[in-house]
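Chemist: No sequence on hand, only this structure:
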């Protein structure tokens, strides 16, 4: 996988215009990157927060934060804009999770994760395993994967989602997690081993997988 992906020509042009005070360019930037931002939030929003938080609200809050900090970003350009968008959203999600846990004080970790996110997270392993053909079998399979993924630590789920669901490079993951790229690689490797273990325990993978 390639290193950190550069912004597109269109995004770089809009950033230059925004740096010159073009408010319309800023709005176009937000619109252009909203679908990716929405997908990122959908993947990473904790299921326990979904009962009281609409992903659209999180997206809106993240975009408001982007607008507030845009001048600083344009002056420093610390990373590609598309990655900064994800990082802003990720930090927002972390803060929401901390606030929720402080309010609840105790929080059970093993809540089933959305099946789509779980299957994407486990994609490299489940793709090599059995492929249920009938609808009922496929649904049961997805539920077992979801239950297994729920047993992973949050840090494991996050790095696996970034790598498997979003195809981010280790350098991009490192930026989002505020670690070195070597640490991101090691964190991913450990998470993958733990994922294989829980999938095996749930009968998703064979003992020899």
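Modeler: In hand now; what should we look at? Given the structure is predicted, the values throughout are model-derived calculations rather than measurements.
Chemist: where does the protein dip in pLDDT?
Modeler: 1-2, 101-112, 128-136, 207-209 (pLDDT under 70).
Chemist: Would you mind finding the longest helix in the protein?
Modeler: As assigned by DSSP state H, the longest helix anywhere in the chain is helix 81-104.
Chemist: Now do it: which elements does it pack against?
Modeler: helix 9-19, helix 23-44, helix 47-50, helix 55-76, helix 170-177 (3 or more C-beta pairs under 8 Å, 6 or more residues apart in numbering; DSSP states H and E). Where you see a C-beta, it was placed from the backbone N, CA and C, and this is true even at glycine.
Chemist: Most tightly packed of the ones you listed?
Modeler: The highest average neighbour count among the helices and strands packed on helix 81-104, using mean count of other C-beta atoms under 10 Å, belongs to helix 170-177 at a mean of 21.
Chemist: distance between it and the chain's centre?
Modeler: On the basis of C-alpha atoms, centre = their mean, to the nearest Å, helix 170-177 sits 11 Å off its chain's mean C-alpha point.
Chemist: Tell me the helices and strands packed up against it.
Modeler: Helix 170-177 packs on helix 81-104, helix 154-160, helix 181-201, going by 3+ C-beta pairs under 8 Å, 6+ apart.
Chemist: can you count the residues close to residue 188?
Modeler: Residue 188 has 18 neighbouring residues, counting by other C-beta atoms under 10 Å.
Chemist: my read: it touches residue 160, true?
Modeler: Yes - here residue 188 reaches residue 160: they are 7.2 Å apart, a contact under C-beta atoms under 8 Å.
Chemist: mind giving me the domain ranges of the protein?
Modeler: For the chain, automatic domain parsing gives the domain ranges 1-106, 108-209.
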